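>>> after the sequence you'll find the predicted model.
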Protein chains: 2
Amino acid sequence: MGVPDLLEQAVEPGEYAGRLRRVRAALGERGIGALVVSDPANLFYLTGYDAWSFYTPQCLLVPADGEPHLFARAMDAAGASYTCNLRDDQIHGYPEDLVHRPDVHPYDWIAGMARDLIPAGGDVAVEADAHFFSARGYLALGNGLPGHRLVDSAELVNWIRLVKSPHELRQLRIAGSIAENAMRIALDQLQPGKRQCDLVAEILAAQATGTPEHGGDYPAIVPMLPTGDAAGTPHLTWTDRPFVSGEATTIELAGVFGRYHAPLARTVMLGDPPQRLRETSKIVAEGMRATLSTIRAGVTGSVVHAAFNDVIAAHGLVKDSRIGYSIGIGYPPDWGERTVSLRPGETTVLTAGMAFHVILGMWMDGWGYELSEPVVVTEDGAERLTGLPHELTIRR
Amino acid sequence: MGVPDLLEQAVEPGEYAGRLRRVRAALGERGIGALVVSDPANLFYLTGYDAWSFYTPQCLLVPADGEPHLFARAMDAAGASYTCNLRDDQIHGYPEDLVHRPDVHPYDWIAGMARDLIPAGGDVAVEADAHFFSARGYLALGNGLPGHRLVDSAELVNWIRLVKSPHELRQLRIAGSIAENAMRIALDQLQPGKRQCDLVAEILAAQATGTPEHGGDYPAIVPMLPTGDAAGTPHLTWTDRPFVSGEATTIELAGVFGRYHAPLARTVMLGDPPQRLRETSKIVAEGMRATLSTIRAGVTGSVVHAAFNDVIAAHGLVKDSRIGYSIGIGYPPDWGERTVSLRPGETTVLTAGMAFHVILGMWMDGWGYELSEPVVVTEDGAERLTGLPHELTIRR
């Protein structure tokens, strides 16, 4: 029995092998002997492993030559085969008494196992800026592999994830339909007198329910809806304060299917919008049109950014932060891939199958406006993953 | 306006000062010049800072002598004062162009700022095993502070969080009432034919709604409900498969108020339970009674574990993993404090005001059973934070 629906959503046979082949080729090019993958999104990409087990150390060891091996806490290793595309003898559980100890660390044990699996003397790449590979884990791994030099993978797997396969694009489109449903509910149900937490309850339910055909998965980030003057800052979560007339709320959420994320942001005004908000929303909508009509295979991220910037600069507006980033698989605390950004100086050339969250967030002093769109790059344009209009929602 | 309800929930004046005093005293005892706090739960504990901004580097620098300083991405620093109990001149935003770059890192910039704020030559403690302080951040900080040695804080702030103040106990009790509501809904609404994701939608909504008086906050972990033979593993998240008669489901969730967590686990059987499940549930309930009647100020964590173990051993059962851990403030991906565990060898003596999640998870080969209770240690016992019965729920 197990969880067969997870397998139904899984990648076609051969796709995991192809992904691993590309990782090994990149290791070979850089002369690296093995890679230690600890980012849960990269683990999922390479093996399908999916569980809320990333709060204790876990990793996939990928030798440049040889089979990958998964290391996780014993209680998690025991259930890894429900989702993980590896044989049981490639899955190793470290003992429970290594968890949260001041004197020993799971990476002491992992290093001991790794010594027999990697070529002598070769460099070992680690995901040095990943969220769930701690400084202590890094030091323990280094101490346990004295004949090896640890080097930074520089997001090696993340870069390989950049161009999506047909399977991945299908997942993203379903995620888009879930995001659109959830945002429609948020825009419809935001009303004066309703507590923020009660609106969030409706959003969370819509994200999990998904569609009748496709249940929703959990987002890497909870819904964010800074309200009133707090809308000048992007990452505040909800409170139990009621919404009140005269205030605007920015809403950022994602639809998720099988760990693939389609993030989406909109802004709602309760009552008559101030002139500055009305004007900003029109400028940003014009900026979105310019941005989406620039995105296509062959342009760089900086060219896309310039298209937006030219529009807002003509209206005297300035935005310091990037206007988008690559998306795909996501785990808390972030749904971005940490590779390509749409910003000045970004030299990566877009190709068909890349996916971006174009997010035009204008965070001002005491107010804000957000409009976003998840898109897939095609040969001749941008495929939108959601279909909501690009205007400020006004509820009177 | 801002978010005044957050302030209403906030700690009394003077409590932050007392917390900082205890951190500084601990630094003084260990001869450490400054502490770099990057765990979001510790940031919240020391300053009230609360935002979903921990996916980019952020930290609180606490000199042994001198005021603390918060460092965050510029767009987050701009809104930090909504929740953070620091003056504007103690909050510093690093430039946007340091985000997700291969050649520069936010901790290069933070180290540069820190040089002027910490005593020359002193050791600097870092949270080396915290989730959001990466290996690369650690290396950048070390390179940027060449006159200092980086040492592991060994969860210094986490240990100071162990005994809760009266304010914190009030938050935990409210969290308990939210957990109880959410679990009651889960137990009532789990039905054959309902998709797992649709039950999760009801749980998530209950967690956010909270109570009419107190809105719920987001949990550090999403609801986990492994079903059927997958219930033999604890950390699988939901799918869109329907529940079916003849299968048991373990449910683990938390009620959260103002970042304080009351986790709770129960098990539901659809249809007649197999004999092994029925027997295990009775043994575990007996084990829970023994455990709760042992918890009180003055006993060690290992004594509590032994009380449970004696009961199950008498019935021929074995459990390798700990039966509980300290709880309080939580951020993804974990609601545990990573300090005291209820397990063999735990020498910490319990004192009044500590809080634990007693979780009796029996993960067997192809099936499982979970029963848990969040409790506060008192002088003469354990105060339960929720009031649900301790038996297997059977739905026919």
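Okay, I see it.

>>> could you report the neighbour count for the closest residue to A:Thr250 other than its chain neighbours?
In space, and not counting its chain neighbours, A:Thr250 is closest to A:Glu370: 4.1 Å by CB to CB, 6 or more residues apart in numbering or on different chains. All C-beta atoms are positioned from the backbone trio N, CA, C, and that covers glycine. A count of nearby residues for A:Glu370, using other CB atoms under 10 Å in any protein chain shown, gives 25.

>>> I'd like the distance between A:Arg21 and chain B.
Distance from A:Arg21 to chain B, counting by CB to the nearest CB, to the nearest Å: 24 Å.

>>> figure out the helix or strand that that residue lives in.
Here A:Arg21 sits within helix A:15-30, counting by DSSP states H and E.

>>> do A:Ala125 as well
Assigned by DSSP H and E, A:Ala125 falls within strand A:124-126.

>>> follow-up on the earlier one: right, is the helix or strand that comes right after the helix holding A:Arg21 up against chain B?
Next in sequence after helix A:15-30, counting helices and strands by DSSP H and E, comes strand A:34-37. No - Strand A:34-37 does not reach chain B (CB under 8 Å from any CB of the partner chain); its nearest approach is 10.6 Å.

>>> right, and the residue nearest to A:Thr250 touches A:Leu360 too?
Yes - counting by CB atoms under 8 Å, A:Glu370 does reach A:Leu360; the two are 7.0 Å apart.

>>> mind listing what whichever residue of the stretch 51-200 of chain A sits closest to chain B touches?
Across the stretch 51-200 of chain A, no residue is closer to chain B than A:Gly79, which sits at 2.3 Å (CB to the nearest CB). Each residue near A:Gly79 by CB atoms under 8 Å, 6 or more residues apart in numbering or on different chains is listed here: A:51, B:226, B:230, B:232-236, B:363.

>>> nearest residue to A:Cys142 other than its sequence neighbours?
Just to correct that, residue A:142 is Gly rather than Cys. A:Leu150 (5.0 Å).

>>> so what are the domain limits for chain A?
Following automatic domain parsing, one gets these domains for chain A: A:4-160, A:166-395.

>>> return the most buried member of the ones you listed.
Sort the domains of chain A by mean neighbour count, taking mean count of other CB atoms under 10 Å in any protein chain shown, and domain A:166-395 sits at the top with a mean of 21.

>>> residues from the stretch 1-150 of chain A in reach of chain B?
Counting by CB under 8 Å from any CB, the stretch 1-150 of chain A sits next to chain B at A:1-6, A:50-55, A:74-76, A:78-80, A:82-83, A:96-97, A:99-100, A:102, A:105, A:126, A:128-139.

>>> just the residues you listed: which are in strands?
When DSSP state E defines the strands, the subset of those inside them is A:Val126.

>>> the biggest helix by length in chain A near chain B anywhere?
In chain A, taking DSSP state H as the definition, the longest helix is helix A:166-189. No - Helix A:166-189 stays out of contact with chain B when judged by CB under 8 Å from any CB, the minimum separation being 10.3 Å.

>>> packing partners of the very next helix or strand once past that helix?
Sequence-wise, the next helix or strand downstream of helix A:166-189 (DSSP H and E) is helix A:196-209. Secondary-structure packing of helix A:196-209 (3 or more CB pairs under 8 Å, 6 or more residues apart in numbering or on different chains; DSSP states H and E): helix A:166-189, strand A:248-257, helix B:196-209.

>>> if we go to 6 Å?
Counting contacts by 3 or more CB pairs under 6 Å, 6 or more residues apart in numbering or on different chains; DSSP states H and E, helix A:196-209 packs against helix A:166-189, helix B:196-209.

>>> make JSON lines out of those and add mean pLDDT and distance to B:Ser302.
Shown next, in JSON lines, are those (pLDDT from 0 to 100; distance: least, CB to CB, whole Å):
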{"stretch": "helix A:166-189", "mean pLDDT": "98", "distance to B:Ser302": "47"}
{"stretch": "helix B:196-209", "mean pLDDT": "98", "distance to B:Ser302": "33"}
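
>>> per-residue pLDDT, A:Pro4?
Per-residue confidence (pLDDT) for A:Pro4: 41.

>>> hmm, back to that, distance of the residue nearest to A:Thr250 from A:Ala265?
Look at A:Glu370 and A:Ala265: by CB to CB, to the nearest Å, they are 4 Å apart.

>>> shaky segments in the stretch 101-250 of chain A?
In the predicted model, the stretch 101-250 of chain A carries no residue with pLDDT under 70.

>>> let's see 90
Applying pLDDT under 90 to the stretch 101-250 of chain A picks out residues A:119, A:229-234.

>>> and the residue nearest to the spatial centre of chain A, how far from A:Asp39?
With distances taken as CA atoms, centre = their mean, A:Trp335 lies nearest the centre of chain A, 1.8 Å away. To A:Asp39, A:Trp335 is 13 Å away according to CB to CB.

>>> then A:Ala205?
29 Å.

>>> same deal with A:Tyr107?
Going from A:Tyr107 to A:Asp39 by CB to CB gives 15 Å.

>>> same question, A:Ile329
9 Å.

>>> which parts of the stretch 251-396 of chain A sit against chain B?
Neighbours of chain B within the stretch 251-396 of chain A, by CB under 6 Å from any CB of the partner chain: A:320-321, A:332-334, A:338, A:363.

>>> what about those residues, which are in strands?
Among these, DSSP E puts A:334, A:338, A:363 in strands.

>>> closest to B:Pro274 out of those residues?
Within these, proximity to B:Pro274 (CB to CB) peaks at A:Asp334, which comes in at 41.9 Å.

>>> enumerate every residue touching that closest one.
Applying CB atoms under 6 Å, 6 or more residues apart in numbering or on different chains to A:Asp334 gives the contacts A:220, B:55.

>>> look up which residues are beta-bridged to it.
For A:Asp334, the beta-bridge partners are A:Tyr331 (DSSP bridges).

>>> correct me, but A:Phe308 touches A:Gly287?
Yes - counting by CB atoms under 6 Å, A:Gly287 is a contact partner of A:Phe308 at 4.6 Å.

>>> tell me the SS of A:Trp238?
Look at A:Trp238: counting by DSSP: H, G, I helix; E, B strand; the rest coil, its state is coil.

>>> got a list of what the nearest residue to it once chain neighbours are set aside touches?
Nearest non-adjacent residue to A:Trp238, counting by CB to CB, 6+ apart: A:Gln196, 4.2 Å away. A:Gln196 makes contacts with A:238-239, A:241, as judged by CB under 6 Å, 6+ apart.

>>> am I right that the residue nearest to A:Thr250 is in a helix?
No - under three-state DSSP, A:Glu370 falls outside any helix and is assigned strand.

>>> how about the contacts made by it?
A:250, A:265, A:267, A:361 are the contacts of A:Glu370 under CB under 6 Å, 6+ apart.

>>> got a list of what the first one touches?
For A:Thr250, the set of contacting residues under the criterion of CB under 6 Å, 6+ apart consists of A:226, A:231, A:267, A:368, A:370.

>>> quick one, helices of the stretch 51-200 of chain A?
A:74-77, A:106-114, A:135-144, A:156-160, A:166-189, A:196-209 (DSSP state H, counting those that start in this stretch).

>>> alpha carbons of the fourth one, as PDB, please.
Same thing as helix A:156-160. Written as PDB, here are the backbone C-alpha positions of helix A:156-160 (Å, rounded to 0.1, in the frame of the first residue of the first chain):
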ATOM      1  CA  LEU A 156      25.800  22.900  -8.100                       C
ATOM      2  CA  VAL A 157      22.500  21.000  -7.900                       C
ATOM      3  CA  ASN A 158      20.400  24.200  -7.800                       C
ATOM      4  CA  TRP A 159      21.900  25.300 -11.100                       C
ATOM      5  CA  ILE A 160      21.100  21.900 -12.600                       C
END
